[in-house]
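Undergrad: Sequence first, predicted model second:
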Amino acid sequence: MSEVIQKAAPQGSPLDNKHRSLGATMIDRENHSVPGSYGDESGEYETVREEAAGLIDLSSRGRFLVSGSEAIQFLNGLITNDMKTLEEGRWMPAAFPNVQGRLIASVRIVRAAAAEADGNVSPVFLIDTEAVTRHGVLKTIERFTLAGDFHVTEVTNQTAQFTVQGTKTADMIRTVLGEEPSTLPANGATRATWQDVDVTVIRCTHTGADGFDLVVNSEHAESLWDSFVNAGARPVGHDALEILRIEAGIPRYGIDMDETNVVTEAALDEAVSYTKGCYVGQEIIARIKYRGHVAKKLSGLAFNQQVKVEAGANVKSSDGKDIGRLTSVTYSPRLSQTIALGYVKYDYLTPGTEVKVTAGSDDVVATVAALPFVSRAR
């Protein structure tokens, strides 16, 4: 008799009950239950793009606190960016590569206020990563907890994370949390107090629009969420978020990048320092830069109108050579055309290059486009 293997139920968010009370359709993404839509995907999208503020639950993302006098030393040997340059109250993008320079995870590292223990002051960092790379990051950094003064605490299940995205986000932050956090720079982070509750505030975008991430203990998540709704923010589901993040040229792990990609193929150039010295995979990444370039790179592709193409479709040059494949596809309401992310060989990366994309039994014309398609300035 064959054995029936049951898939584990999707993990919920501290805000699940809130989403259901708002009429959300819940979907399974990376084995996490997330709100797909609250019944009006188009309106949710427009909330972020058109002079308003959208509220998106990101609690499924992985969150880790790293501390200790040797935290900078150990982390610097594991990531692509230079921890020594990261100031308190700032964050930087980084990647965890393997020894071949291929991507384990893309992360955001926030340098929080230093902590004092036993009379010693040591740095504290918050590492934020996608849900699908959560366990990979934890496995990578936990190996060093016995090697020195380096401490790792996972706080994913004890906290909630949601983001306010859109033109009016700074106004929302000012209304709910006060003036100081609303004035954070683009890579800034701080700790605010809301009704005697600590809230970590990080200014960052997941959509190409202005935005702030908020991390709070789980038991206070619903009340803080309600405060933003009462201030005028509108809940936005992950279906609309998918359109927004493709417009913003933001890759998703497991969709647009994975362990087969060298870090610099995945359009993560801002996450790489070439002056910091040695780290895992550094030799491969540096050799590619100084001896030439990557063979392919994640790029944008734009179609003249709305067309039916799918992720995985082949990309060909105008003379029929195979030069890449699509990874994410959506229709952009802002641009009134189908757009995609995909890998394109280096010789064809110049924006405006005409290519062909397989669509069923036919080919449709597309042009290579610079990323992002849509940003705060466009």
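TA: Nice, I can see it.

Undergrad: would you say residue 184 is within a strand?
TA: No - under the criterion used here (DSSP: H, G, I helix; E, B strand; the rest coil), residue 184 is coil, not part of a strand.

Undergrad: what's the closest non-adjacent residue to it?
TA: Once flanking residues are discounted, residue 184 sits nearest to residue 203: 4.1 Å by Cβ to Cβ, 6 or more residues apart in numbering. All C-beta spots, glycine's among them, are computed from the backbone N, C-alpha and C.

Undergrad: list the contacts for the one you found?
TA: Under the criterion of Cβ atoms under 8 Å, 6 or more residues apart in numbering, the neighbours of residue 203 are 184-189, 210-212.

Undergrad: Residue 175 too?
TA: 231-232.

Undergrad: Surely it is in a strand?
TA: No - counting by three-state DSSP, residue 175 falls outside a strand, being helix.

Undergrad: Can you select the buried ones from the contacts of residue 203 in ChimeraX?
TA: If you want just the buried ones from these in ChimeraX, going by 16 or more other Cβ atoms under 10 Å, the selection is:
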select :184,187,188,189,210,211,212
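
Undergrad: Let me know the closest of the contacts of residue 203 to residue 170.
TA: residue 210 (6.5 Å; Cβ to Cβ).

Undergrad: Would you quantify the distance from the closest residue in space to that closest one that isn't next to it in sequence to residue 202?
TA: In space, and not counting its chain neighbours, residue 210 is closest to residue 169: 5.0 Å by Cβ to Cβ, 6+ apart. Per Cβ to Cβ, to the nearest Å, residue 169 is found 12 Å from residue 202.

Undergrad: Overlap of the contact sets of those two?
TA: Counting by Cβ under 8 Å, 6+ apart, the common neighbours of residue 169 and residue 202 are residue 212.

Undergrad: Quick one: the helices in this structure, in order.
TA: Taking DSSP state H, the helices of the chain run over residues 16-21, 41-49, 71-76, 134-142, 169-177, 179-182, 221-230, 238-247, 282-291.

Undergrad: what number of residues lie near the closest residue to residue 327 other than its chain neighbours?
TA: The spatially closest residue to residue 327, leaving aside those adjacent along the chain, is residue 256, at 4.3 Å (Cβ to Cβ, 6+ apart). If you count neighbours by other Cβ atoms under 10 Å, residue 256 ends up with 22.

Undergrad: ok, now which ones touch residue 256?
TA: So residue 256 contacts 266, 298, 327-328, 341 (Cβ under 8 Å, 6+ apart).

Undergrad: which among those residues gets closest to residue 150?
TA: residue 266 (27.4 Å).

Undergrad: before we move on, the earlier item: return the distance of the residue nearest to residue 184 relative to residue 188.
TA: Taken as Cβ to Cβ, the span from residue 203 to residue 188 is 5 Å.

Undergrad: Please apply the same query to residue 272.
TA: 21 Å.

Undergrad: picking that back up, most neighbours of all the contacts of residue 256, which one?
TA: Within those, neighbour counts (other Cβ under 10 Å) peak at residue 341, which reaches 27 neighbours.

Undergrad: Quick check: bridge partners of it?
TA: Counting by DSSP bridges, residue 341 is bridged to residue 300, residue 328.

Undergrad: I'd say it and residue 300 touch.
TA: Yes - the pair residue 341 / residue 300 is scored as a contact, 6.4 Å apart, by Cβ atoms under 8 Å.

Undergrad: With that, I have no additional questions.
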